[in-house]
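Participant: Quick one, structure for this:
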Amino acid sequence: MVVISTFLVVFYFQNSERKMDLLSNQIKTESREKGEDLNALRLGLTSRQKEVYDLIIAGKSNKEIITELFIEQSTLKSHIN
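Facilitator: Predicted coordinates for the structure are as follows:
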């Protein structure tokens, strides 16, 4: 039972990290492809979401963003969504 639980926890975190990486890459790609003004994209975001967005555009990894902003992985995921 412990082995199965451990496996599920590891799988959950790997899956969450993969989803966050995909979302981060999607933001970068779509921003470049659309050629939109970065300031226009940022207008509807909160100040914290703008910080996250800027760090993503700067090429920071999710782990670097989490460390720099002192937030949890789930919080980062919420900001990205």
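Participant: which other helices and strands contact the helix or strand where residue 63 lies?
Facilitator: In this assignment (DSSP states H and E), residue 63 forms part of helix 62-69. Helices and strands touching helix 62-69, by 3 or more C-beta pairs under 8 Å, 6 or more residues apart in numbering; DSSP states H and E, are helix 2-34, helix 47-57, helix 73-80. The way it works is simple: take the backbone N, C-alpha and C, and place the C-beta from them, glycine included.
Participant: Where among these is average confidence lowest?
Facilitator: Among the helices and strands packed on helix 62-69, helix 2-34 carries the lowest mean pLDDT, at a mean of 66.
Participant: ok, residues contacting the helix holding residue 63?
Facilitator: 17, 20-21, 24, 48, 51-52, 55-56, 60, 71-73, 76 (C-beta atoms under 8 Å, 6 or more residues apart in numbering).
Participant: By neighbour count, which of those residues wins?
Facilitator: residue 52 (25 neighbours; other C-beta atoms under 10 Å).
Participant: ok, that one - contacts?
Facilitator: Residue 52 neighbours (C-beta under 8 Å, 6+ apart): 65, 69, 76, 79, 80.
Participant: nearest to residue 42, of those?
Facilitator: The nearest member of these to residue 42, counting by C-beta to C-beta, is residue 79 at 12.7 Å.
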